[in-house]
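A.B. asks: Mind folding the following:
(chains A, B, C and D)
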Amino acid sequence: MTPFTALPNNTAAADDAAAPAYTSSELLAAVSCRYLQGTRRVFAGIGLPTLAVALAQKSTSPDIEQVYESGVCGAHPPRLPETIADASLATGAEAILTMPVLFGYVLQGGWIDVGFLGAAQIDRFGSLNSSVIGDWESPDVRLPGSGGAAEVMANSAEVFVVMRRHNPTSFVRELDFCTSPSPRIAREKDPLVPAQGRGVTTVISDLGVLKADETGELCLATVHEGVSAGQVIEATGWPLKVLPGLSVTPAPTAQELDLLRNEIDPGRVYLR
Amino acid sequence: MTPFTALPNNTAAADDAAAPAYTSSELLAAVSCRYLQGTRRVFAGIGLPTLAVALAQKSTSPDIEQVYESGVCGAHPPRLPETIADASLATGAEAILTMPVLFGYVLQGGWIDVGFLGAAQIDRFGSLNSSVIGDWESPDVRLPGSGGAAEVMANSAEVFVVMRRHNPTSFVRELDFCTSPSPRIAREKDPLVPAQGRGVTTVISDLGVLKADETGELCLATVHEGVSAGQVIEATGWPLKVLPGLSVTPAPTAQELDLLRNEIDPGRVYLR
Amino acid sequence: MIQKQYSLQDAVAEFVKDGDTVALEGFTHLIPFAAGHEIIRQGRTGLTLVRMTPDIVADQLVGAGAVDKMIFAFTGNSSVGSLYAIRRAVEAGGPGSLALEEYSHYGLLARYQAGAAGIPFMPVRSYAGSSLPEVNPNLRKVASPFDPGVETYVVPALNPDVAIIHAQRADRHGNIQSWGILGPQQEAAFASKRTIALVEEIVPDEVIRSDPNRTAVPGFAVDAVVEVPYGAHPSFVQGYYDRDNTFYRSWSAISKNPERLEAWLQEWVHDTGDHAGYVAKLGPDFFAPLTPEPHLSTPVNYGSVR
Amino acid sequence: MIQKQYSLQDAVAEFVKDGDTVALEGFTHLIPFAAGHEIIRQGRTGLTLVRMTPDIVADQLVGAGAVDKMIFAFTGNSSVGSLYAIRRAVEAGGPGSLALEEYSHYGLLARYQAGAAGIPFMPVRSYAGSSLPEVNPNLRKVASPFDPGVETYVVPALNPDVAIIHAQRADRHGNIQSWGILGPQQEAAFASKRTIALVEEIVPDEVIRSDPNRTAVPGFAVDAVVEVPYGAHPSFVQGYYDRDNTFYRSWSAISKNPERLEAWLQEWVHDTGDHAGYVAKLGPDFFAPLTPEPHLSTPVNYGSVR
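C.D. replies: You can find the predicted model right below:
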């Protein structure tokens, strides 16, 4: 990841004049954390979301909880888990639910406030493709597939998407395949199937942050330090709208960086 | 219960010449046990079926298992359970399944060979009423209802019914209400719903044993000692057919009585 | 930390309202009698009681006039004899009588499952040929979209206003653990808008976290956790106390006579003031003969990083 | 007593046939690698592999030519990198390529649930607007009979020929106990016509019976129970050994090169002869650094009659 040069950010310019340089991962984690304010339960895999939730727990949102698709709730791992298949996530957790309970009762039951997803492609209204590049029958590249993403999209109150590479092949006008549909396309294609949740409200990329407007369209809300709105528009496959009052993404604060580096991920497992 | 006078029975006349008197409960348990030969899994509540299964385990069918609707499988209670709500059924059991697993996967999944049921009314093809005497909306007598009976009837390979009182108000031409339908009526009323299992194959009453013929009609197979076929026909609300070769129900053997009285239910909890 | 610990009085006052649909669950085991009594004490009316197996606690609630309707699968119990308050209320007929909505066990359980899972209905493998669909419009058929020649009965999702359950233990965050016969408590809790969990004891966090697979309902799905020792009496709590069969056998005679039932409710529910009063009235030696000998599970090793 | 204990060789020989639909389950945890290897050793072909998360073991089975079709929800894993045998087989296209039937997690889990519960289909709360129904005819809609204005997607029951699972322990009767992340093993076992359960150890009956709530699959639903220590390597078994992340990271490079993959299968699967040979080849000290410190559950009291 390219390190960004730290610059005083908008909200904490005075305090952070001496903030150190930060990496893209640190920025993504800190930004994700801020958007989690007021959230109770996050459904996420391992990686940047883990850092964001851990940071929120240690700063703004001590009661926030991460629920893993494996069924683990209220994890208290003695060290940062290396993979979702880390035994330390299970030991000492508050609950390990069965898979029918986790996917049926917790996820479909509407208990998740924010679901974190990644994808190979995202479109203007936040539909995601994680199945295939090219044609499904004879793919150019076979991707892993939905996993739980289709359920997370359909059932979380809102969804955050982290995209490490913002470019026109990932932010596309039209998906090659729609694995996890936005509520908008869901209602359009299957109007009688009740939708719950707002779909993708927030996309955090290496260039900036997109937020959904009232129609669900993803629009540029902030640009990261050193990035221009034009650069983001150029890197986006659809005509990207810019929200009024576009600002620069606040940089990680010294306190956030300290927590991430020295308490949460001292081994730099995810802070690559 | 009326004690029967022991008489030499058909199959073990020589051995059992000196067999002691037995009660109706002992007869019902011993007869039920015999019909369980070859059965692997029985779904039953507490009471006579418990005795029948325990007797089978200690005599003809050591591998037979009783599954309780509470989810307990492979119970090894230190004493005969007094009620289905007996803590001793859970302690030391091989498994306690959740209710969705027990009713969904085990019962609906087709794992039960013989389900034991009782009822207030039974009809010619083995449909059962355990809901109401009179009209459902304004009942003469409100009965407990199905409990698991409807599922046991619909999903066991076959069903045994124990009726302690054989008379025309319990063996009826027409049920007041059909709580647990025979596969015959199920197919007639809901022909597109797949049926599994043969329904009631065996009714053990205080007068004799009815067995289903190839059409599913319950016919008199044996009469208990001292009971005539005419008595049973008179006590039955439909024109009861008699199977060819009607015989006298073999009495409990001395060994069976010994096991029941001295090993299985020394406190005479169910051998009332 | 979100405050989850309540007194039983406060939990019932805050989470159970007149006219609510209340799932009071526990299958022979872990029946939340103490909560039923507190509902009577607080004079709730117009409740729709959902319970797979309405038994003595349901008879008490009906006898006290708290319940207008009962959604159930099996009411009564051979060791109880008849539940006369319920029978009187049903057999009376006409206005003011107890309305019934009748299922079989899995039919009602599947309603909880569908309610918990956010799906509109759940298929079940029963009810073909039954009279129940004639008296219960919630038992309907759907054709399989995979084989037009196949139909299945389905039941609709049920989402009670509040679930009330009892368990052996919880932590202060409301993570509920139980063992022995589990009943439909997990389904009822997830299906309901609010959940009150009574427990025999609130234990240190470390106890719950030493065995996370034992947690049936995670704290986030519990609104109030209430420590109520002996709160399931006269039913039983595996490992804590056995069933009070003497009381069960005595109930039918009490319930048969409306005056006697009223006197019993006055003496054992209203006059005791709260569940601690009820336990005190039972007497200090009451539970000794009902207390089982210890029979512990072999610990399992979850392992920890080296 | 019904004989349930098998060698892995005999269990696979008796219960896994060419052309079978095989559910090989374990969600990150308890993946039955040893059974996958034995299937390769015995040269099975034409299998339909059902697995929510086809990962290295699936890549090995596909690379060995055992699998014609894969029913799945997520294939690959960020810590594995690509599964090249699967990618080659899929991206090849045309005859001889690997057929796919694609779901999301709950869609496939719900197929097991319906298969286990004997119902024709199971409703799920997803797939509206998705492209998946266009490529998978098993994702269909049904109108609710309770509200004609409401539709739901449903998936059909799945009943594999055989389920293969791994667990911590069992008794000789095949009562299977596991803890940690449970995955879809219970559903897969009940949905399948036959079940093979691999366990780290077969323990005395008393151990299993000391904690009956821990039993995920009762003995009657298990056809073969096989004691295979370290049978889940390189995945992990909670409390027994951690995941071999080094192997996971190394796999992509092996799988990328067909000759290297073939050599790996020869060396580690065929030439080892059986799983004991595989473990011996890893060496006597191999598992020491992967073995966790003990972290025991607090025993619960089931109680016993006085």
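A.B. asks: contacting residues for the residue in the stretch 51-200 of chain A that chain B sits nearest to?
C.D. replies: Using CB to the nearest CB, the single residue of the stretch 51-200 of chain A nearest to chain B is residue A:100, 7.8 Å away. Bear in mind the C-beta positions are built from the backbone N, C-alpha and C, glycine included. Residue A:100 sits next to B:100, D:109, D:113, D:187 when contact means CB atoms under 8 Å, 6 or more residues apart in numbering or on different chains.
A.B. asks: which of these lies closest to chain C?
C.D. replies: residue B:100 (6.2 Å).
A.B. asks: That closest one should be in a strand, yeah?
C.D. replies: No. Under the criterion used here (DSSP: H, G, I helix; E, B strand; the rest coil), residue B:100 is helix, not part of a strand.
A.B. asks: give me the low-pLDDT residue ranges for the chain?
C.D. replies: With no chain named, the answer covers chain A. Filtered on pLDDT under 70, chain A yields the residue ranges A:1-20, A:84.
A.B. asks: that's the other chain; I wanted chain C
C.D. replies: Short version for chain C, where the test is pLDDT under 70: C:1, C:77-80.
A.B. asks: quick one: secondary structure of the closest residue to residue A:63 other than its chain neighbours?
C.D. replies: Nearest residue to residue A:63, sequence neighbours excluded (CB to CB, 6 or more residues apart in numbering or on different chains): residue C:2, at 5.8 Å. Classification of residue C:2 using three-state DSSP returns coil.
A.B. asks: now residue C:10
C.D. replies: Relying on three-state DSSP, one would call residue C:10 helix.
A.B. asks: OK, contacts around it?
C.D. replies: residue C:224.
A.B. asks: do residue A:103 as well
C.D. replies: A:69, A:148, A:151, D:105-106, D:109.
A.B. asks: Tell me how far it lies from residue D:150.
C.D. replies: Distance, residue A:103 to residue D:150, by CB to CB, to the nearest Å: 21 Å.
A.B. asks: Count the residues that sit near residue A:163.
C.D. replies: 21 (other CB atoms under 10 Å in any protein chain shown).
A.B. asks: For it, give its distance to residue A:169.
C.D. replies: Distance from residue A:163 to residue A:169, by CB to CB: 11 Å.
A.B. asks: Over to residue A:40?
C.D. replies: If you go by CB to CB, the gap between residue A:40 and residue A:169 works out to 35 Å.
A.B. asks: Show me which of those two is the more surrounded one.
C.D. replies: Set residue A:40 next to residue A:169 and count neighbours by other CB under 10 Å: residue A:40 wins out with 16 against 11.
A.B. asks: The more buried one contacts residue A:157, doesn't it?
C.D. replies: No. Judged on CB atoms under 8 Å, residue A:40 makes no contact with residue A:157 at a distance of 9.7 Å.
A.B. asks: any shared contact partners between those two?
C.D. replies: With CB under 8 Å, 6+ apart, residue A:40 and residue A:157 have common neighbours residue A:113.
A.B. asks: Would you mind listing which of the contacts of residue A:103 are buried?
C.D. replies: Neighbour counting with 16 or more other CB atoms under 10 Å in any protein chain shown marks A:69, A:148, A:151, D:105-106, D:109 as buried within the contacts of residue A:103.
A.B. asks: Thanks again, I'm all set now.
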